[in-house]
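In: test case, fold it:
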Amino acid sequence: MHSNISIFVPHVGCPHMCAFCDQRTISGADDLPSGDDVRRICQQALGEVKDPENTEIAFFGGSFTAIPKDYMLELLTAAGEFVGEGRFHGIRLSTRPDYIDKQVLDILKKYGVTAVELGAQSMDDEVLRANERGHTAHDVARAAKLIKEQGFELGLQMMVGLYKSTYDKELETMNKIISLSPDTVRIYPVVILKGTKLGELYLSGEYRTMSFDSVVKLCAEMLDRFEQSGIKVIKCGLHASEFVERDMVGGFYHPAFRELCESELFRKLFEAETDKAGGSVSYAEFMVDSRDLSKALGQKKTNVKYFADRGIRLVITPDNEHKIKNKYMTKDIH
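Out: Have a look, this model is predicted:
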């Protein structure tokens, strides 16, 4: 199983502050790591990680290729010492699409970078302008094409529910991201933080968000569509953080957001099967992989309650031997 050794480089790499951003709150990091800090972290991880050759050193928290070049090379040099045979697979980093060009990618390749993630956030120029991103959808497409042409793994990050966005615009962003054929995607439902421009707009009433349930349904659809397109969703929802919980004033934060979305997909699958049987269904039993049991039941058994409200007793049987290849293997409906 793939894993990351995450090293945060907070905000120093960002050329300006986006409307939604308080990077220190999001990453929980204050201090900038030095090259020696990177060596220490990697050396410790090398002795603890079970499968280093399937592990990447990951620079997150800012726009890595926008940081001062000398500092970027200091971090890359330190990390590069731990890449290669018997050590880590490579280096993963996140950056802005307008700070990617052929020269930058040549440097990254020299130091063992294997994957580049772009903060696209939206593929709608009006949404990008309203949230002060400072780049266009064309910049995302150009950078994504260049990254793939140079042989890097491409990741795209999107933020759902931004100021001026709509349900339809989110689906259009999803479709445009799919057309760029990334290897991975991260879906971040927006979390509105105090002290940000977005926070001011939200508290003033100018920025009105979609409902939480609508965003769960939207992100569930995205999970399904990306999966069907052969694109791996490596994150759905912001990671659990005491800083985010302390500073948020609105948005779509939940410590198990992805599980909410996956529960929604299970419900839709079960509902499609019961609907096939017509209106006389009173009992439905499905077998699911035991690792998916909580998702199939729904948080606090919401899926069970949903079907109970329709007069259907839903029973979920776990497959403890993990033989199921699809979402469910057997069903009994009557």
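In: tell me the gap between stretch 181-194 and the middle of its chain.
Out: Offset of stretch 181-194 from its chain centre (Cα atoms, centre = their mean, to the nearest Å): 5 Å.
In: for it, buried residues please.
Out: Within stretch 181-194, the residues that count as buried by 16 or more other Cβ atoms under 10 Å are 182-194. Using the backbone N, CA and C atoms, a C-beta is placed for each residue, glycine as well.
In: okay if I get those as a markdown table plus secondary structure, pLDDT and distance to Phe8?
Out: Formatted as a markdown table, the buried residues of stretch 181-194 follow (DSSP: H, G, I helix; E, B strand; the rest coil; pLDDT from 0 to 100; distance: Cβ to Cβ, whole Å):
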| residue | secondary structure | pLDDT | distance to Phe8 |
| --- | --- | --- | --- |
| Pro182 | coil | 98 | 23 |
| Asp183 | coil | 98 | 23 |
| Thr184 | strand | 98 | 19 |
| Val185 | strand | 98 | 21 |
| Arg186 | strand | 98 | 15 |
| Ile187 | strand | 98 | 20 |
| Tyr188 | strand | 97 | 16 |
| Pro189 | strand | 97 | 21 |
| Val190 | coil | 96 | 20 |
| Val191 | strand | 95 | 17 |
| Ile192 | strand | 95 | 21 |
| Leu193 | strand | 93 | 17 |
| Lys194 | coil | 93 | 21 |
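In: let me know the closest of these to Cys21.
Out: Of all these, Leu193 has the smallest distance to Cys21: 8.1 Å, by Cβ to Cβ.
In: look up how far Leu73 lies from the closest one.
Out: Distance, Leu193 to Leu73, by Cβ to Cβ, to the nearest Å: 32 Å.
In: try Lys327
Out: Using Cβ to Cβ, one gets 47 Å for the distance from Lys327 to Leu73.
In: can you pull out the strands in the stretch 151-300 of the chain?
Out: Using DSSP state E, counting those that start in this stretch, the strands of the stretch 151-300 of the chain run over residues 153-160, 184-189, 191-193, 232-236, 248-251, 283-289.
In: grab the most central residue of the chain for me.
Out: By Cα atoms, centre = their mean, the chain has its centre lying nearest to Arg186, at 2.3 Å.
In: that residue pairs with what?
Out: Assessed by DSSP bridges, Arg186 has beta-bridge partners Gln157, Lys235.
In: from what I can see it touches Lys235, true?
Out: Yes. Counting by Cβ atoms under 8 Å, Arg186 touches Lys235, with 4.1 Å between them.
In: what residues are up against the closest residue to Gly155 other than its chain neighbours?
Out: Nearest non-adjacent residue to Gly155, counting by Cβ to Cβ, 6 or more residues apart in numbering: Glu117, 3.4 Å away. Residues in contact with Glu117 (Cβ atoms under 8 Å, 6 or more residues apart in numbering) are Arg92, Leu93, Ser94, Thr95, Leu154, Gly155, Leu156, Gln157, Thr184, Arg186.
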